[in-house]
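Peer 1: Mind folding the following:
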Amino acid sequence: MEELPATPIVYRPNVAAILLDAKDQIFVAERINIKGAWQFPQGGVDEGEDAETALFRELAEEIGVARDKLEIVQQRAGYRYAFSKNRLKYGIYGGQEQTYFLCRFLGTDADIDLAATHQEFASWKWILPHEFQMSWVPKFKRATYRQVLMDFFQVDLEMPRD
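Peer 2: Numbers count the residues shown, from 1 in each chain. Sure thing, here's the model as predicted:
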């Protein structure tokens, strides 16, 4: 019997933001539904949007930060991960292809509002890039986070052994 080729993964276009404060600390937020799961704000690129438009929309939705409080410093595309357990998002996407934006945060902590729209995060904090813990991230995203931190900050974080 002839073996059928595996179905290729369809990757959803996605943006992610690394915010830098005046002390060169990065913004991380803890997911509201998973205690101890810290990440960068991220979200899908909607039909008809470019990556930059999606970035500013997602930051306004997820953390309440307006476009005038941000300055894009750098942008890198091509980061990919597949969802775990062959899960599909919206019935077709088996993973995400991300464009990461490094943004200077020009506001103050008072400009951050986790309840701006639909709340996704329980809390947030500023940390130095080398303080990020790979154990905060689901296994299927760890290689991407490790590469992002290396590419943007030349920080090579150890992968957990779990």
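
Peer 1: switch to C-alpha atoms for all contacts and neighbour counts from now on
Peer 2: Noted.

Peer 1: And for the nearest residue to Leu70 once chain neighbours are set aside, the neighbour number?
Peer 2: In space, and not counting its chain neighbours, Leu70 is closest to Phe105: 5.0 Å by Cα to Cα, 6 or more residues apart in numbering. By other Cα atoms under 10 Å, 23 other residues sit near Phe105.

Peer 1: residue contacts, Phe105?
Peer 2: By Cα atoms under 8 Å, 6 or more residues apart in numbering, Phe105 lies in contact with Leu19, Leu20, Asp21, Ala22, Lys69, Leu70, Glu71.

Peer 1: ok, of the residues you listed, which come out buried?
Peer 2: Leu19, Leu20, Asp21, Leu70 (16 or more other Cα atoms under 10 Å).

Peer 1: Quick one: mean pLDDT over stretch 58-75.
Peer 2: Regarding stretch 58-75, the rounded mean pLDDT is 97.

Peer 1: should've said stretch 119-127
Peer 2: Model confidence over stretch 119-127, given as mean pLDDT, is 97.

Peer 1: buried residues in that stretch?
Peer 2: Buried, per 16+ other Cα under 10 Å, within stretch 119-127: Glu120, Phe121, Trp124, Trp126, Ile127.

Peer 1: Repeat that for stretch 84-92.
Peer 2: So for stretch 84-92, counting by 16+ other Cα under 10 Å, buried means Leu88.

Peer 1: in the chain, which spans are helices?
Peer 2: Assigned by DSSP state H, the chain shows helices spanning 51-63, 139-153.

Peer 1: Among those helices, which comes closest to Ile92?
Peer 2: Of all those, it is helix 139-153 that lies closest to Ile92, at 17.8 Å by Cα to Cα.

Peer 1: Which strands or helices does that closest one pack on?
Peer 2: strand 70-82 (3 or more Cα pairs under 8 Å, 6 or more residues apart in numbering; DSSP states H and E).

Peer 1: Output the strand it packs on as PDB, restricted to C-alpha atoms.
Peer 2: Below are the C-alpha coordinates for strand 70-82, written out as PDB (Å, rounded to 0.1, in the frame of the first residue of the first chain):
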ATOM      1  CA  LEU A  70       5.900  52.900  21.100                       C
ATOM      2  CA  GLU A  71       8.800  53.200  18.700                       C
ATOM      3  CA  ILE A  72       9.800  50.200  16.600                       C
ATOM      4  CA  VAL A  73      13.600  49.600  16.900                       C
ATOM      5  CA  GLN A  74      14.000  46.400  15.000                       C
ATOM      6  CA  GLN A  75      11.900  43.800  13.200                       C
ATOM      7  CA  ARG A  76      12.700  40.100  12.400                       C
ATOM      8  CA  ALA A  77      10.500  37.600  10.600                       C
ATOM      9  CA  GLY A  78      10.400  33.900  10.000                       C
ATOM     10  CA  TYR A  79      10.100  32.400  13.500                       C
ATOM     11  CA  ARG A  80       7.900  29.400  13.500                       C
ATOM     12  CA  TYR A  81       6.500  26.900  15.900                       C
ATOM     13  CA  ALA A  82       3.900  24.000  15.500                       C
END
